[in-house]
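**Student:** model this:
(chains A and B)
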Amino acid sequence: MLFNSFEFILIFLPTTFFVFFFLNGFWGNKASRIWLLGASLFFYGWWNPFYVPLILGSIIFNYGINRILIFPQSKHTDFRRIFLALGILGNLALLGYFKYTDFLIENWNWAFHAKIEPLNFILPLAISFFTFQQIAYLVDSYKGAVKETNLFDYALFVLFFPQLIAGPIVHHLEMMPQLNEPINRRINPKNVVSGLLVFSIGLFKKVVIADTFAIWASRGFDATEIITLLQAWVTSLSFTLQLYFDFSGYTDMALGSALVFNIRLPENFNSPYKALNIRDFWRRWHMSLSRFLLDYIYIPLGGNRSGLLRTCINLITTFFLCGLWHGAGWTFIFWGLLNGIALIVHHFWLKTEFKMHYFFSGALTFLFVNFAWVFFRADEWKNAVQILTAMLGFNGVGAFELLPALYILFFLGIVFGAKNSMQWARQVNTKTEAIYIALFLAFFSLLQLNNFQISNNKTMEFLYFNF
Amino acid sequence: MILFKTAISIFLATVFFEIFLTYSPFRGGISPVQYDPDIGMWHKRNFQYVYEKDCYSTPYMFDERGLIKNNYNFNPDKKDVIILGDSYIEALMIKNKNIIHNSLYREYSGKLNFLNYGLGGTGPTQHLEILKKFAQLERAKYLIEFISLDEGWGRDLEEVDPQEFGWSNRALVHLNFSDLNHYETLKPPAMGIKEQLREALANYELYGYLKKTFLYYKNKLASSENGFSPSNIPYGSRDWSKNWKQIKGAVIQINKLSKANHVGHRVIIFSPDRNHYKIISQFLTQHKILFIDLVGELEKLNIALDAITFACDGHWNDETHRLFAHIIKSKFPLTG
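**Tutor:** All right, here's what the predicted structure looks like:
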């Protein structure tokens, strides 16, 4: 089920909310949790019920490994290490099988002129997210940072519907204690109002802003052979804005819908396009993923503690995996490598102790990110090159279109100059004020959602939906 | 107070949504026509907007009389050519310079003023009434009448059937012919409250949006087989005898009016249905009315029918308008 669908907004969320707190009040915490778990499974299975056993199997597998890792008698380090490795390999094997098999077959066929048929799997929804979340859980279990928990609570931690599909990638310590907090078992009007406001902001960002830019971005990426300078810039900037408003909009909806259940999920975006350098960008963009990459890949590889060369190798490895995680394709890998290289360049730049004016460093960072997103979005390598060639003016200037240009300028102004949605939501002073702002944004977004329904007979999916 | 604030929030969201629709790629368009007591509808005067679909986004303009704007300077010293037709000729989706009248102006090297009286959703009977009401026949030297005939493609056959009154966007005038020379005029209904409301709302994007929403959910709720739709009727199974009387009657009346004003009447037929073509061509030959068969001309040029329209829309594209102007020039040597 999508957050930006009528069935979620008008039926699923209100029903889950009311039944959850009703059960909490009359039948106790256990009944309400069973309800929430059931609702989350229904939410997941709405897309494709066939994959429900898959996610349940993954949860049981990881919980089993966790029991071994935290079992008091199993203090023998080697024994625990073997099971940790087994757990991580099991998760990666599942992800690899569904996400990367066809990519490997494709490359094998290309390298050895073989004709192996691709498997053409439909990627199980959210597999990249729940895999990472569970690997983090196993590593923390190994380190002794996980408290005793039961299978039911663990399943709820993985399946909790607001964060299930596309994150934020939640750390168990951030969520599980909140579920057990007695104060969180009652409706908290303040959280409900804040949650609905944040959800409405997210819905507006996705349905109204991101999906508008999606039209111009898709138009350009679908016609890369004939694209000219101005069109190429409109295309790349449209995608840059689309991706930000799409994913941060999704995150706002996740945070908002969790908040009505009194669960505070970690923030995932902090005005990333205001970043003054690439390291700053990665501290602001998809923060829960950056944290995962740092804690569970970069630092275990040695981080920056083992000399300059090793730091560079670690950065490149981390971002190679980051690119691969985003998609099974060379354009994604190249995008990851580009970011890794940029971080290395930044590392060397810091050593020069030369200070660049913040305007130039911000502009340079944004232009680099915009440039790199072209590889992220392009279906094929050649399409990315065609867009970039046109952006450099090799295909002529072309016609100027006023409407997308005005939209781009306006929303770049918002992105660079205004507070982000979480800062803004926190600033809304009264509950009443928040209710009416939420109502305005939600009604506007529902009108536009209906517009998609009657025009295309479908709602546009989130860009991070299949990662 | 709560209700008032809620209403204000919803009202503001609606107003801003209207602005968003107007200035976004989701623009659906506002009605290019207004109520006319004689025809049923006519283009808004001095009006311009953008016609949007997936495969085009074209600005269109009407002049002070509601005609499709010329891209040449009208010269009062030259004679006029009146062009009548439906949405193929109105051609809101075509770049103005390529629309048939402007293409013809270029083809005939500007020797005559070509005036486009095309109106979407109309057939020969409405063309006759448009001619009588809006055209200046005394200034004209030629009249080119476009007739498109096909089930499910051109809608002229259905449109002239008074039984289907109001099936089009607006209720139109219809002529009930007893024979080729005698007919009764069925005027469109007077402007009631519903029509007035529609007239007011039709100035906003929200009108088209609400109409589309209503139709979408209506079709979802009721099976489309229960509602009337020409596409539900098996091809070739309709009885057109009554419709032919309307078409033939209107053509004869237009011809008589042209002759009375010393105007040369020419007919351009676009009929992918070759049975319909046979009927109308025999009739025109019998009455010595000059005509061109566009589908036949396309066949000679080996051009397929699906190559002459937009991908997202069954209307002729820009190249087709230019091509048809060229064909007309090669067949009819109109002199200034």
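**Student:** ok, B:Tyr216 touching A:Gln453?
**Tutor:** Yes: because the distance of 7.2 Å satisfies C-beta atoms under 8 Å, B:Tyr216 is recorded as touching A:Gln453. Backbone N, C-alpha and C define where each C-beta goes, glycine included.
**Student:** flag the shaky bits of the chain, pLDDT-wise.
**Tutor:** Picked chain A for this. For chain A, the stretches flagged by pLDDT under 70 are A:72-76, A:429, A:456-467.
**Student:** right idea, wrong chain: chain B
**Tutor:** Using pLDDT under 70, chain B drops low at B:150-170, B:223-242, B:336.
**Student:** now do the strands in it.
**Tutor:** Taking DSSP state E to define them, one finds strands in chain B at B:33-36, B:40-43, B:48-53, B:56-61, B:80-84, B:113-116, B:140-148, B:174-179, B:182-186, B:264-270, B:290-293.
**Student:** now whatever residue of the stretch 151-300 of chain A ends up closest to chain B: closest residue in space, sequence neighbours ignored.
**Tutor:** Among all residues of the stretch 151-300 of chain A, A:Ile215 sits closest to chain B, at 4.7 Å; criterion: C-beta to the nearest C-beta. In this structure, A:Ile215 finds its nearest non-sequential neighbour in B:Pro25, 4.7 Å apart by C-beta to C-beta, 6 or more residues apart in numbering or on different chains.
**Student:** what about A:Phe348, how many residues nearby?
**Tutor:** Applying the criterion other C-beta atoms under 10 Å in any protein chain shown, we find 10 residues in the vicinity of A:Phe348.
**Student:** hang on, it in a helix?
**Tutor:** Yes: per DSSP: H, G, I helix; E, B strand; the rest coil, A:Phe348 lies within a helix segment.
**Student:** get me the contact residues on chain A for chain B.
**Tutor:** Within chain A, the positions near chain B by C-beta under 8 Å from any C-beta of the partner chain are A:208, A:212, A:215-216, A:403, A:407, A:432, A:436, A:439-441, A:443-444, A:447-448, A:450-451, A:453-455.
**Student:** how many residues are close by A:Thr101?
**Tutor:** By the criterion of other C-beta under 10 Å, A:Thr101 has 15 neighbours.
**Student:** up against chain A, what does chain B have?
**Tutor:** Counting by C-beta under 8 Å from any C-beta, the residues of chain B that sit close to chain A are B:5-6, B:8-10, B:12-14, B:16-17, B:20-21, B:23-26, B:209, B:212-213, B:216.
**Student:** if we use 6 Å, what do you get?
**Tutor:** Within chain B, the residues that sit near chain A (C-beta under 6 Å from any C-beta of the partner chain) are B:Lys5, B:Ser9, B:Ile10, B:Leu12, B:Ala13, B:Phe17, B:Ser24, B:Pro25, B:Phe26, B:Lys212, B:Thr213, B:Tyr216.
**Student:** wait, the third one sits on A:Ala442?
**Tutor:** Translated: B:Ile10. No: using C-beta atoms under 6 Å, B:Ile10 makes no contact with A:Ala442, being 9.9 Å away.
**Student:** pick out whichever of those two has more residues nearby.
**Tutor:** Using other C-beta under 10 Å as the criterion, B:Ile10 and A:Ala442 rank with A:Ala442 on top: 22 against 17.
**Student:** A helix includes that one, no?
**Tutor:** Yes: judged by three-state DSSP, A:Ala442 forms part of a helix.
**Student:** what ranges does the stretch 301-450 of chain A have for its helices?
**Tutor:** A:308-326, A:330-352, A:358-377, A:381-391, A:402-417, A:421-427, A:431-456 (DSSP state H, counting those that start in this stretch).
**Student:** show me how the record splits chain A into domains.
**Tutor:** A:50-159, A:190-466 (automatic domain parsing).
**Student:** the residue nearest to A:Ile215: neighbouring residues, count only.
**Tutor:** B:Pro25, neighbours per other C-beta under 10 Å, totals 16.
**Student:** with adjacent residues omitted, what lies nearest to whichever residue of the stretch 151-300 of chain B sits closest to chain A?
**Tutor:** Nearest residue of the stretch 151-300 of chain B to chain A: B:Tyr216, at 4.2 Å (C-beta to the nearest C-beta). Take B:Tyr216 and drop its neighbours on the chain: the residue closest to it by C-beta to C-beta, 6+ apart is A:Ile454, 4.2 Å away.
**Student:** ok, the one you found - how many residues close by?
**Tutor:** 17.
**Student:** and if you look at B:Tyr216?
**Tutor:** Neighbour tally, B:Tyr216, other C-beta under 10 Å: 15.
**Student:** tally of neighbours for A:Glu267?
**Tutor:** Neighbour tally, A:Glu267, other C-beta under 10 Å: 18.
**Student:** what is the longest helix belonging to chain A packed up against?
**Tutor:** In chain A, with assignment by DSSP state H, the single longest helix is helix A:229-259. Applying 3 or more C-beta pairs under 6 Å, 6 or more residues apart in numbering or on different chains; DSSP states H and E, we find helix A:229-259 packed against helix A:161-164, helix A:189-204, helix A:211-221, helix A:358-377, helix A:381-391, helix A:402-417.
**Student:** can you do 10 Å?
**Tutor:** helix A:13-26, helix A:161-164, helix A:189-204, helix A:211-221, helix A:358-377, helix A:381-391, helix A:402-417, helix A:421-427 (3 or more C-beta pairs under 10 Å, 6 or more residues apart in numbering or on different chains; DSSP states H and E).
**Student:** switch the helices of the stretch 301-450 of chain A over to TSV; also include distance to B:Pro124.
**Tutor:** TSV is the format used below for these (distance: least, C-beta to C-beta, whole Å):
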stretch	distance to B:Pro124
helix A:308-326	61
helix A:330-352	57
helix A:358-377	52
helix A:381-391	50
helix A:402-417	39
helix A:421-427	59
helix A:431-456	34
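**Student:** okay then, goodbye and thanks.
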